[in-house]
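> Structure for this input, please:
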Amino acid sequence: MLSRSVTFQFALDPSEQQRILLAKCAGARRFTVNHHLARVKANLDVRSAEREALAEGTRAEEPTASLSWSAFSFINEFNAWKNGKSDDSPHNEDGTRGLLWRHELPGDVFECASVDAARALENFSVSRRGERSGTLVGFPRFQAKGKVRPSFRLRNRATSGQAPTSQSVRFSDRAHLRLPKFGPVKLFGSTRQVRRMIDAGRFHVYSATLTERAGRWTVSLTGVAAEFHQAERSRTNRHTVPVGVDRGITSLAVAADANGNPFEIFEGVKTLREAQRALKAANQALARTTLGSKGRQQARAWLAKTHRKVANTRRHLIHQVSKTLVTRAQVLVIEDLNVAGMVRNRHLAKSISDAAMGELSRQILYKSRWHGVDVRVADRFFPSSKTCSDCGGTKSNLNLSERTYSCDVCGLAIDRDLNAAINLARWLPKEVPANTPPVSTASLSVSTT
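Modelled structure (predicted):
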């Protein structure tokens, strides 16, 4: 049976004891990651000094062996270290060895943190060898309290065929999620959909990631789910003509088909600009506080809560837009935007970030695989905004302030974003699948403004 990766996220309402345990687990994860990074860094420094001494001829001894950066070796090393079975295990006042508080927390916290440290070092190693695309990745930073987001992961130690009631991460009832060492933790929101999928064997939880954002803990249940029913993936009742999606600032997205017909217009996201007054007040209140005071903690919590509300509102709208597009069209065409480069423009950075252009394309790409939608990504240098959707002429200069595209050749006047969406819908890759429906050029009609 085919499957898809799915994550369900819920807000938690933990008790005071559970909240303390959540903070301890997040601290244990930071402690474990820093333990591995310190060992690796010390080993690299020693080996580097030995190579320099060898080059100068002042050292002829055997060099220090390198450490293994695999997750398996990290887990075995830390388990032996915290259990007092390693030579360098910590000594306690009562004569025992190992970490005294290791049994208070789920064992998965340490093991998953070891896996995270191994992945970070692997990214560093691959990037250093030039085998990783994108910007170079440096040595992982040590994690300090207050500098990184509190988070940790717990694995669901169960097989896909095991009964849900015997799994380590499971729903005890419709409002509580049972976690190792925590017991039932109360959840906000409805859990009906995910519980039904688990009971029907259509979703298996692999892990639970718990994260604190602006004073609120959330849990993300990540696992594998069965594909949608064939009726949900059917393309019968969807728009047959390719639809182009132009992402912008004034409008979040403008969609139009290759025949020049508007498909859907989604209003722009303005959550950040609408919250500017509240954010300004929160920042001013934070600036008037004293470092280390209780009032400063409260001011930081107020500011973080305001940012969290903005992010949640934006994310909710992006999910609505992406679902509408993938459930109504058979073929979608989006452009490959350099969002990271666009936000470097200080005049547009706030608007581009508020529009969440990168997140919208990410959601369209993964949801299209669920719903059986063909997504084409146009070349980054395709002049969708500068090309006339009627005669095909191209304008050499087009300022961002010009919201209406006026063609100098045929005299067409059309909304700038709508014109770009039409051109995107007509874009074809170099190799077009044989079953792609042709676009009738005889029926091309352009809606003008």
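> how far away is the residue nearest to G138 when sequence neighbours are not counted from F139?
Once flanking residues are discounted, G138 sits nearest to F124: 6.8 Å by C-beta to C-beta, 6 or more residues apart in numbering. Glycine gets a C-beta too; all of them are placed from N, C-alpha and C. Using C-beta to C-beta, to the nearest Å, F124 is found at 6 Å from F139.
> So which of those two has more stuff around it?
F124 (18 against 14; other C-beta atoms under 10 Å).
> what comes up buried for stretch 115-129?
Neighbour counts over stretch 115-129 (16 or more other C-beta atoms under 10 Å) mark 115-118, 120-121, 124, 127 as buried.
> so R153 touches D108, yeah?
Yes - look at R153 against D108 with C-beta atoms under 8 Å: they come within range, at 7.2 Å.
> tell me the SS of the residue nearest to G138?
When classified by DSSP: H, G, I helix; E, B strand; the rest coil, F124 comes out as helix.
> need the contact list for it.
137-140 (C-beta atoms under 8 Å, 6 or more residues apart in numbering).
> next one: L121
36-37, 40, 69, 140.
> N83: which of those is nearest?
Proximity of the contacts of L121 to N83 (C-beta to C-beta) peaks at H36, which lies at 16.1 Å.
> any idea how the chain splits into domains?
3-18+148-226, 22-56+67-128, 236-271+315-443 (automatic domain parsing).
> Can you add distance to T306 and give those back as CSV?
Shown next, in CSV, are these (distance: least, C-beta to C-beta, whole Å):
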stretch, distance to T306
domain 3-18+148-226, 8
domain 22-56+67-128, 23
domain 236-271+315-443, 11
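> longest single helix anywhere in this protein?
helix 16-56 (DSSP state H).
> A65: what's it in contact with?
A65 makes contact with no residue under the criterion C-beta under 8 Å, 6+ apart.
> any idea which helix or strand carries it?
Counting by DSSP states H and E, there is no helix or strand that carries A65.
> and the gap between it and V46?
For A65 relative to V46 (C-beta to C-beta), the value is 10 Å.
> for R141, same thing?
In terms of C-beta to C-beta, R141 sits 21 Å off from V46.
> Next: H91.
In this view, H91 and V46 are 24 Å apart by C-beta to C-beta.
> Which one's more surrounded, the two?
A direct count of neighbours by other C-beta under 10 Å for H91 and V46 places V46 higher, at 13 against 10.
> Tell me who's in contact with the residue nearest to the more buried one when sequence neighbours are not counted.
Leaving aside its chain neighbours, V46 sits nearest to T64 (5.1 Å; criterion: C-beta to C-beta, 6+ apart). Contacts for T64 (C-beta under 8 Å, 6+ apart) come out as 43, 46-47, 50.
> Let me have those in CSV, extended by distance to G295 and pLDDT.
As requested, the contacts of T64 are arranged in CSV below (distance: C-beta to C-beta, whole Å; pLDDT from 0 to 100):
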residue, distance to G295, pLDDT
N43, 44, 93
V46, 46, 90
R47, 49, 88
E50, 52, 84
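> which among those residues gets closest to K85?
Checking the contacts of T64 against K85 by C-beta to C-beta gives N43 as the nearest, at 20.4 Å.
> you'd agree the closest one is up against P63?
No - using C-beta under 8 Å, N43 is not in contact with P63, being 10.9 Å away.
> Looking at those two, which one has more neighbours?
Taking neighbours as other C-beta under 10 Å, N43 and P63 compare with N43 leading, 15 against 12.
> do you know how far that one is from F142?
N43 sits 15 Å away from F142, taking C-beta to C-beta as the criterion.
> Strands along the stretch 51-200 of the chain, start to end?
Taking DSSP state E, counting those that start in this stretch, the strands of the stretch 51-200 of the chain run over residues 151-155, 170-173, 176-179, 183-186.
> can you put those in TSV and add mean neighbour count?
Output for the strands of the stretch 51-200 of the chain, formatted as TSV (neighbours: other C-beta atoms under 10 Å):
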stretch	mean neighbour count
strand 151-155	21
strand 170-173	16
strand 176-179	20
strand 183-186	17
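> out of these, nearest to R202?
For these, the distance to R202 is smallest for strand 170-173, at 14.6 Å, taking C-beta to C-beta.
> List the neighbours of stretch 293-305 that are in contact with it.
213-215, 279, 282-283, 285-286, 288-290.
> With stretch 362-377 instead?
With contact meaning C-beta under 8 Å, 6+ apart, stretch 362-377 is reached by 4, 227-228, 232-235, 242, 245, 318-319, 322-323, 325-327, 329-336, 427-429, 433, 436.
> Which of the residues you listed fall within helices?
Counting by DSSP H, the contacts of stretch 362-377 place 232-233, 318-319, 322-323, 325-327 in helices.
> Neighbour-wise, which one of those leads?
L325 (26 neighbours).
> Wait, that residue touches V254, no?
No - if you go by C-beta under 8 Å, L325 and V254 don't touch, sitting 11.4 Å apart.
> Quickly list what's touching both of those two.
With C-beta under 8 Å, 6+ apart as the test, L325 and V254 both reach 245, 264.
> what about burial for the contacts of F124, which qualify?
137, 140.
> Which positions in stretch 244-254 come out as buried?
Applying a neighbour-count criterion of 16+ other C-beta under 10 Å, one finds 244-249, 251-254 buried in stretch 244-254.
> tell me how far the ends of that stretch are from each other?
By C-alpha to C-alpha, to the nearest Å, the extent of stretch 244-254 from end to end equals 8 Å.
> can you tell me the average pLDDT over stretch 154-170?
Stretch 154-170 shows a mean pLDDT of 78.
> which strands and helices sit next to the longest helix of the chain?
Packing partners of helix 16-56 (3 or more C-beta pairs under 8 Å, 6 or more residues apart in numbering; DSSP states H and E): helix 71-82, helix 107-128, strand 151-155, strand 203-213.
> would you list the strands of the stretch 51-200 of the chain in CSV and tack on distance to V219?
Below are the strands of the stretch 51-200 of the chain laid out as CSV (distance: least, C-beta to C-beta, whole Å):
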stretch, distance to V219
strand 151-155, 9
strand 170-173, 11
strand 176-179, 6
strand 183-186, 8
